[in-house]
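Visitor: sequence unavailable; structure follows:
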């Protein structure tokens, strides 16, 4: 796991189950994969998720942040994760790939390592099809949440309680996910209120993760809806701060 590039690591965390269901983890502490947690609407007719990822590591003793923009989308029966082909989907001119199950995703590549530019506008375009109209939605005003850096640490002692936090503040979020995952796939996930900058994990929770390589994620997000020809589409903007750590 440590040998993965930062971009591939973060992309794999978020898109781990895309080919299966694009099941965005719900608000519980029993996720089955170390995916970046995102809200999971079960009503409405579709979702558009813009994810701005900052992955932190240490190189030669200095902290380094790798930043890129990704996203997922789906249209159909959200309760059963049954999706329909809705034509071409893009965000800021970056065309998404359609899975065999008709969900959509975008990941950075070697030729496009920073992915979608989310520093300015956030404009979605959906080609339409199978009951979903063609539409354009501008989520610029909704904006991506902002945050200071994650607090500095590289190890967690599972014998003690641990506070996962940022160094300062979080803004423009409806909720914040705090997640710690072990290398066996065990996950402890907490959903906190708007702009919460810290969550405490008990020693009992940490000990369920096992010891070894793990990941931590702090993910503030906001969510609105847009109605297009009677179809309700959830629009989610999310920031994910992530780091690979050792659980001892």
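Guide: Perfect, thanks for sending it. No experiment lies behind these values; they were computed from the predicted model shown.

Visitor: so residue 41 sits against residue 234, correct?
Guide: Yes - under the criterion of CB atoms under 8 Å, residue 41 makes contact with residue 234 at 4.6 Å. Glycine gets a C-beta too; all of them are placed from N, C-alpha and C.

Visitor: which neighbours do these two share?
Guide: 47, 223 (CB atoms under 8 Å, 6 or more residues apart in numbering).

Visitor: how about residues contacting stretch 116-123?
Guide: 50, 52, 68-71, 91-92, 94, 106, 136-140, 142-144, 237.

Visitor: could you check how far the residue most central in space within the chain is from residue 157?
Guide: Centroid-nearest residue in the chain: residue 36, 4.2 Å away (criterion: CA atoms, centre = their mean). Distance of residue 36 to residue 157, given as CB to CB, to the nearest Å: 24 Å.

Visitor: where does the chain dip in pLDDT?
Guide: Within the chain, the stretches with pLDDT under 70 are 1-34.

Visitor: again, only this time at 50
Guide: Applying pLDDT under 50 to the chain flags residues 1-33.

Visitor: now the helices for it?
Guide: 6-14, 203-206 (DSSP state H).

Visitor: excluding sequence neighbours, find me the nearest residue to residue 122.
Guide: Leaving aside its chain neighbours, residue 122 sits nearest to residue 139 (4.2 Å; criterion: CB to CB, 6 or more residues apart in numbering).

Visitor: which residues touch that neighbour?
Guide: Counting by CB under 8 Å, 6+ apart, residue 139 has contacts 48, 50, 122-124, 224, 235, 237.

Visitor: how many neighbours does residue 100 have?
Guide: Residue 100 is flanked by 7 other residues according to other CB atoms under 10 Å.
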